[in-house]
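In: Quick one, structure for this:
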Amino acid sequence: MDKLTRLQQTRYLFARAGFGATPGELNDAARKPLRKVVRQLIKDSESFTALKVVEPDENTTKRALRGLMRNGQLDRDMLRERIRMNAEKVRDLNLQWLDQMASGKGAFREKMALFWHGHFACRTMGQNPLFMQQYANTIRQNALGRFGDLLMAVSKEPAMLQFLNNQQNRKNAPNENFAREVMELFTLGRGNYSEHDIKEAARAFTGWQFTPEGQFVFRERVHDEGEKAIFSKTGAFKGEDVIAMLLENKQTARFVTGKIYRFFVNETDDKNRVEELADQFYKSGYDIAGLMESMFTSDWFYEAKNIGTHIKSPVELLVGMRHALGLTFEQPQTQIFVQRTLGQILFYPPNVAGWAGGRNWIDSSSLLFRMQLPSYVLKAAEVTVRSKEDGDVNTQLLARKGGQRFQVKANWEDFETAFYKTTDADLTDAIAAALLPFPLNTEQRTLIETQLKAAQTRPERIHALTTALMSLPEYQLC
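Out: I've put the predicted structure just below:
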């Protein structure tokens, strides 16, 4: 295997298992066997550091709400100010997670957590930053463990119970929303359960609630203790029993494995491979890291039909640029503008099914901004694009108008060092191999060369090449 092919394989692995790599990281990893690189990615993601922008005692409790009362009535101005402050905390949580992703530390854990954020789609209700912080840390902490542990933990998160209305799920007045989404979106997939199963499971989940301070609590007084019939089993089931039944059903392994395959490998299923992976996943007790290691070390993962088929999500695109060039934003909140303009704001999925992904990331309003983003960022160009109007009152609190300018710092020194042995004649191809899923064709090479006329020194040439290559449509793919 020649060096270029090996480098491209490594670039593909880092792009799918993380958010890309710096040229230096690629050069180092390309000298090692792929299996060893995969294991190192997993090992580097073993440790976990919690995100923290709010302390538990800062949360909006009933006592804090009483502080918003004036003359026995709720002070709406004070309430609006509290909502604004909470929205800023959620924004800060968003930016802190972006920083963690872009740092490259534990990149595989963060990429897996981003996947789970879409799978266990949840958003802040009432702009509650503590609930979202706990939810984010739960999916991050359990991202590479056992799926059963992750499923149970995220199902008991106050943010999820609130989002899916289980606080209102009580005996004699069951709310089916939570039970339905646990089956349809988290485990079995649509068509693999009956309406009767939903109704009975909803009864089992009665009593699963949370305190204003963000603690899960089982309230027996509102739990339906009666006998339920779920999946042809009968008993006085509770929520934990339903979760156990879902994990016992191999369809859960198939459904989850299929989503993982479409996200990390190819949007078009290979049903035989998915079935093989699902069988392993099920027999392993739903070992997520084991499933991913098998996937990333398989020869078929690196087949040409899979490379360059994944359209980067807005978060993947932004984080990938940041990591590759060591970018830091002098005004971090401009990254919220990027997310909103491109249609993916962390902690604000559009609905319970998460982000559709794939070709849905590309539309007439966002494509041009995607293509111009490298120039906006690296050249500090004036941004005249307006962020999307999604009709969401919550994301409007995060909105920034166009007409702004990105102020960033790039670690060009480290980036340039990776190419110090590369000749000027090979420089274009070398940088392209680090950034793009495919080698340049003649037309692309001609286009790139026309943008280098003003670059006189070698550093200027590297900067101009990098900006031009990142502005190609192929940079949107991995």
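
In: show me what contacts Arg180?
Out: With CB atoms under 8 Å, 6 or more residues apart in numbering as the criterion, the residues that contact Arg180 are Ile198, Ala202. Every residue, glycine included, has its C-beta placed from N, CA and C.

In: Please identify which helix or strand holds it.
Out: Using DSSP states H and E, Arg180 sits within helix 177-181.

In: Now do the end-to-end distance for stretch 279-292.
Out: The first and last residues of stretch 279-292 sit 13 Å apart, counting by CA to CA, to the nearest Å.

In: After the helix holding Arg180, heading C-terminal, what element do we hit next?
Out: The C-terminal neighbour of helix 177-181 among helices and strands, as given by DSSP H and E, is helix 195-204.

In: Kindly export the helix holding Arg180 (C-alpha atoms) in CSV.
Out: Taking C-alpha atoms only, helix 177-181 is exported to CSV below (Å, rounded to 0.1, in the frame of the first residue of the first chain):
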residue,chain,number,x,y,z
ASN,A,177,-45.5,10.4,24.9
PHE,A,178,-42.5,9.1,26.8
ALA,A,179,-43.3,5.4,26.3
ARG,A,180,-43.9,5.9,22.6
GLU,A,181,-40.6,7.7,21.9
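
In: Skip the chain neighbours and tell me the closest residue to the residue nearest in space to the middle of the chain.
Out: Centroid-nearest residue in the chain, with CA atoms, centre = their mean: Leu114, separated by 2.1 Å. Nearest-residue entry for Leu114: Val315, 6.4 Å, with adjacent residues in sequence omitted and distances by CB to CB, 6 or more residues apart in numbering.

In: Would you double-check that the one you found falls in a strand?
Out: No: Val315 is assigned helix when assessed by DSSP: H, G, I helix; E, B strand; the rest coil, not a strand.

In: do you know how far it is from Glu200?
Out: Distance of Val315 to Glu200, computed by CB to CB, to the nearest Å: 38 Å.

In: hmm, back to that, need the contact list for the residue nearest to the centre of the chain.
Out: Contacts of Leu114 by CB under 8 Å, 6+ apart are Met101, Ser313, Val315, Glu316.

In: Checking Gly354 next. Helix, strand or coil?
Out: Per three-state DSSP, Gly354 ends up coil.

In: number of nearby residues for it?
Out: Neighbourhood size, Gly354 [other CB atoms under 10 Å]: 20.

In: tell me the contacts of it?
Out: His117, Gly118, His119, Ala121, Leu185.

In: pretty sure the second one is touching Gly357, no?
Out: Translated: Gly118. Yes: the criterion here is CB atoms under 8 Å, and Gly118 meets it with Gly357 at 7.3 Å.

In: got any residues that touch both of these two?
Out: In terms of CB under 8 Å, 6+ apart, Gly118 and Gly357 are both contacted by the residues Phe263.

In: Could you measure from the nearest residue to Lys156 once chain neighbours are set aside over to Met152?
Out: Counting by CB to CB, 6+ apart, Lys156 lies nearest to Phe216, which is 4.3 Å off, once chain neighbours are set aside. In this view, Phe216 and Met152 are 10 Å apart by CB to CB.

In: and the residue nearest to the centre of the chain, that one's in a strand?
Out: No: with three-state DSSP as the criterion, Leu114 is located in helix rather than a strand.

In: Strands of the stretch 51-200 of the chain, start to end?
Out: With strands called from DSSP state E, counting those that start in this stretch, the stretch 51-200 of the chain shows them at 69-70, 73-74.

In: Report the contact partners of Gly148.
Out: Per CB under 8 Å, 6+ apart, neighbours of Gly148: Ile243, Leu247, Gly285, Tyr286.

In: Just the ones in strands from those, please.
Out: Applying DSSP state E to these, no entry is found in strands.
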